[in-house]
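Chemist: sequence plus the predicted model coming up.
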Amino acid sequence: MKRAVIVVVVAIVFVGASVPAWAWGVRTRVAVVATAVRIVSKESGANLVKLEKDIRAGAAIAPSDLTELAPVAATDPVGAIESEMYLLQAVNAGRVDPYFAYRLGVLGMLVAEASAPLADSDPAIRDLYYADVEGVIERIQLKPAKRIKVDPLTYFGEVRSDAARRRDLILTDYRTGIGFKGTATSALSEDASRSVNAVADVYQSVLVGKVASANISPSQIRDYIVRAIQFYIKRGNDAETDSAYKRLTDLNVSTVDLQKQIGDMFYDAGKYERAMQEYRAVLALDPARRDVTERIAAYYVKLGDDALNEKKLEVAREAYQNALNADKLQPDAQRKVLEAEKLIEERDARLASTRETLTAADEKIGQAEQLAFRRDYGGAISLLYEAQGSYGKVTDEFTPEYRAAQNGMLTAESKLNQLRRDLVSNAPSLSGLGSGFTTRKQAEAAAKSLDTEALRALLDKQYEAEINRLKAETAGTITP
């Protein structure tokens, strides 16, 4: 193939080492494709570099995944390249999105394979050669050339013929023990450059060329878009997922089975609500789809179980009911609905009992305030203790009520402290002994002990003393 050749040094970026499966090793393939991306970006203005990560991922595609995308790649590599080129031309909407970039990477990998030396040679020597290349690829001088429009059959016939020119020499070197140090090393710059330029030529042709074949069927385009949707769902890229989904809808090629397939993609990725939308659309077209109703019901049962674990009983009951509505034959839904209803009834009963306890405790606080106002300290303190006991029975099952109980405990304790202070300060007047030291000490001791009976006994004595004092004063004012 005649080209104007300029010798330059191109930095080849590589990924982790790998034993080659066929043709170039993974590191070399990715390096070839990444270098071609930079060349095309620079020469054409197409900003592929920003999507280089996706292109690299495609270039490093696993053999099993490649077989799924391009079944003939192993037996007809040029045919696989041609098919992928025309498909990408057909779906090219003028914007290189991440999945398109990924498929460019796959295409670049196929081109790198087809343009590699020893691709069709003795596997034992071939793999030794490619493993040797893997160790030096980042130091190779490359020879980029002017871009050529690619007609796959003609173009790759010349490329593969060129790649085979030194094949026998390289094979002989390996068989005689010279190995990579002979022809392989001296020819590597030209061999690697051939692959880089081939990838760059193909990319340029895809990005600026028109569809050159009528062999791209609607089903191929549909399959491409469905794979794009799956690609974006797995990545969690909702915007690109919606864009690809709209593109599929615009094609008007959707079927019940396809919609079920897309629903399964969403479901398997944890996008359950989106999956339910697809499943409902399937049932609208085919209500008898048991595989869909069973999956909807199973989803709602799981939703109910999760809600139950979080003690969201009403949410759980609703989910179980939705499962039953979706599939009357769901084996667990009816039982779980009844269980959820029973749990709700039991919880509501506990809540009502808790609120009654709070109300009774609050009433005791109010009654204690009235007794304290009348200086019935013993009775007030007794009621406050009872209120605290009631508040202490409230658990943290119901957050608002638990907080109210905690506040009630603090209120009761505050009032108890105030009553203790009042009891000590008012003890002399209550006993009629003025600032008598003994009475005050008795009140302080009783207040500190928190002994209700002791407080009552003290207050009874004070009350009796006060009555006697009043009787004495009354008797002293009577005129004989």
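Modeler: Right, received. Where do you want to start?

Chemist: which regions of this structure sit below the pLDDT cut-off?
Modeler: Within the chain, the segments meeting pLDDT under 70 span 1-22, 211-214, 426-480.

Chemist: tell me if I'm right that residue 70 and residue 83 touch.
Modeler: Yes. The pair residue 70 / residue 83 is scored as a contact, 7.1 Å apart, by Cβ atoms under 8 Å. Yep, even glycine has a C-beta here, placed from its N, CA and C like the rest.

Chemist: tally of neighbours for the residue lying closest to residue 225 once chain neighbours are set aside?
Modeler: Of all residues not flanking residue 225 in the chain, residue 248 sits nearest, at 4.6 Å (Cβ to Cβ, 6 or more residues apart in numbering). Using other Cβ atoms under 10 Å, residue 248 has 20 other residues around it.

Chemist: check which helix or strand residue 248 maps to.
Modeler: Following DSSP states H and E, one finds residue 248 within helix 238-251.

Chemist: contacts for that helix, please.
Modeler: The contact list for helix 238-251, computed with Cβ atoms under 8 Å, 6 or more residues apart in numbering, reads 93, 97-99, 218, 221-222, 225-226, 228-229, 232-233, 254, 262.

Chemist: of those, grab the buried ones for ChimeraX.
Modeler: The following ChimeraX line selects those of the contacts of helix 238-251 that are buried, judged by 16 or more other Cβ atoms under 10 Å:
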select :97,98,99,221,222,225,226,228,229,232,233,254,262
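
Chemist: what about the helices in the stretch 1-150 of the chain?
Modeler: Remark: helices assigned in the stretch 1-150 of the chain by DSSP state H, counting those that start in this stretch are 26-44, 52-59, 63-69, 77-91, 98-114, 123-134.

Chemist: repeat for the stretch 251-400 of the chain
Modeler: With DSSP H, counting those that start in this stretch as the criterion, the stretch 251-400 of the chain has helices at 256-268, 272-285, 290-309, 313-326, 333-373, 377-392, 399-431.

Chemist: and the fifth one, what does it pack onto?
Modeler: Where contact means 3 or more Cβ pairs under 8 Å, 6 or more residues apart in numbering; DSSP states H and E, helix 333-373 is packed against helix 290-309, helix 313-326, helix 377-392, helix 399-431.

Chemist: between these, which one is closest to residue 341.
Modeler: helix 313-326 (6.2 Å; Cβ to Cβ).

Chemist: give me the angle between that closest one and helix 333-373.
Modeler: Computed by axes from the mean of the first three to the mean of the last three Cα atoms, to 10 degrees, the angle separating helix 313-326 from helix 333-373 equals 160 degrees.

Chemist: could you dump helix 313-326 to PDB, C-alpha only?
Modeler: Provided in PDB are the C-alpha atoms of helix 313-326 (Å, rounded to 0.1, in the frame of the first residue of the first chain):
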ATOM      1  CA  LEU A 313     -46.500  -1.500  58.300                       C
ATOM      2  CA  GLU A 314     -48.900   0.400  56.100                       C
ATOM      3  CA  VAL A 315     -46.300   0.500  53.300                       C
ATOM      4  CA  ALA A 316     -45.800  -3.200  53.700                       C
ATOM      5  CA  ARG A 317     -49.500  -3.900  53.600                       C
ATOM      6  CA  GLU A 318     -50.000  -1.800  50.500                       C
ATOM      7  CA  ALA A 319     -47.100  -3.600  48.700                       C
ATOM      8  CA  TYR A 320     -48.500  -7.000  49.600                       C
ATOM      9  CA  GLN A 321     -51.900  -6.000  48.300                       C
ATOM     10  CA  ASN A 322     -50.300  -4.800  45.100                       C
ATOM     11  CA  ALA A 323     -48.600  -8.200  44.700                       C
ATOM     12  CA  LEU A 324     -52.000  -9.900  45.200                       C
ATOM     13  CA  ASN A 325     -53.600  -7.500  42.700                       C
ATOM     14  CA  ALA A 326     -50.900  -8.300  40.200                       C
END
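
Chemist: which helices and strands does it pack with?
Modeler: Helices and strands touching helix 313-326, by 3+ Cβ pairs under 8 Å, 6+ apart, are helix 290-309, helix 333-373.

Chemist: and residue 316, what is it in contact with?
Modeler: 304-305, 307-308, 336, 340.

Chemist: buried members of those into PyMOL, please.
Modeler: Entered in PyMOL, the line below selects the buried ones among the contacts of residue 316, by 16+ other Cβ under 10 Å:
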select buried, resi 304+307+308+336+340
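
Chemist: what would the contacts of residue 316 look like in TSV with distance to residue 315?
Modeler: Formatted as TSV, the contacts of residue 316 follow (distance: Cβ to Cβ, whole Å):
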residue	distance to residue 315
304	8
305	11
307	4
308	9
336	13
340	9
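
Chemist: which of the contacts of residue 316 lies closest to residue 193?
Modeler: residue 305 (60.5 Å).

Chemist: with residue 273 as the reference, measure out to that closest one.
Modeler: As judged by Cβ to Cβ, to the nearest Å, residue 305 and residue 273 stand 17 Å apart.

Chemist: ok, now residue 134?
Modeler: Noted for residue 134: a distance of 46 Å to residue 273, by Cβ to Cβ.

Chemist: which of the two has more residues huddled nearby?
Modeler: Neighbour count, other Cβ under 10 Å: between residue 134 and residue 273, residue 134 has more, with 21 against 8.

Chemist: that one and residue 25 touch, don't they?
Modeler: Yes. Shown here, residue 134 and residue 25 form a contact pair, counting by Cβ under 8 Å, at 4.4 Å.

Chemist: next, residue 24: phi, psi?
Modeler: When read as degrees, to the nearest 10, the backbone of residue 24 gives phi -50, psi 150.

Chemist: touching, it and residue 195? I think so.
Modeler: Yes. Using Cβ under 8 Å, residue 24 is in contact with residue 195, at 7.0 Å.

Chemist: residues touching stretch 59-77, excluding its own?
Modeler: Applying Cβ under 8 Å, 6+ apart, the contact partners of stretch 59-77 are 15, 21-22, 26, 29-30, 32-34, 79-80, 83-84, 103, 105-106, 108-110, 112-114, 227.

Chemist: can you rerun that using 6 Å?
Modeler: 21, 26, 29-30, 33, 79-80, 105-106, 108-109, 114 (Cβ atoms under 6 Å, 6 or more residues apart in numbering).

Chemist: outline the domain layout of the protein.
Modeler: 26-216, 236-344, 364-476 (automatic domain parsing).

Chemist: what distance do you get for residue 279 to residue 98?
Modeler: Residue 279 is 27 Å from residue 98, where distance means Cβ to Cβ.

Chemist: what number of residues lie near the closest residue to residue 193 other than its chain neighbours?
Modeler: Once flanking residues are discounted, residue 193 sits nearest to residue 143: 4.1 Å by Cβ to Cβ, 6+ apart. When neighbours are defined as other Cβ under 10 Å, residue 143 has 17 of them.

Chemist: now residue 155
Modeler: 23.

Chemist: now it: how far from residue 108?
Modeler: For residue 155, the distance to residue 108 (Cβ to Cβ) stands at 15 Å.

Chemist: what of residue 264?
Modeler: Relative to residue 108, residue 264 is positioned 30 Å away (Cβ to Cβ).

Chemist: follow-up on the earlier one: shared neighbours, residue 24 and residue 195?
Modeler: With Cβ under 6 Å, 6+ apart as the test, residue 24 and residue 195 both reach residue 112.
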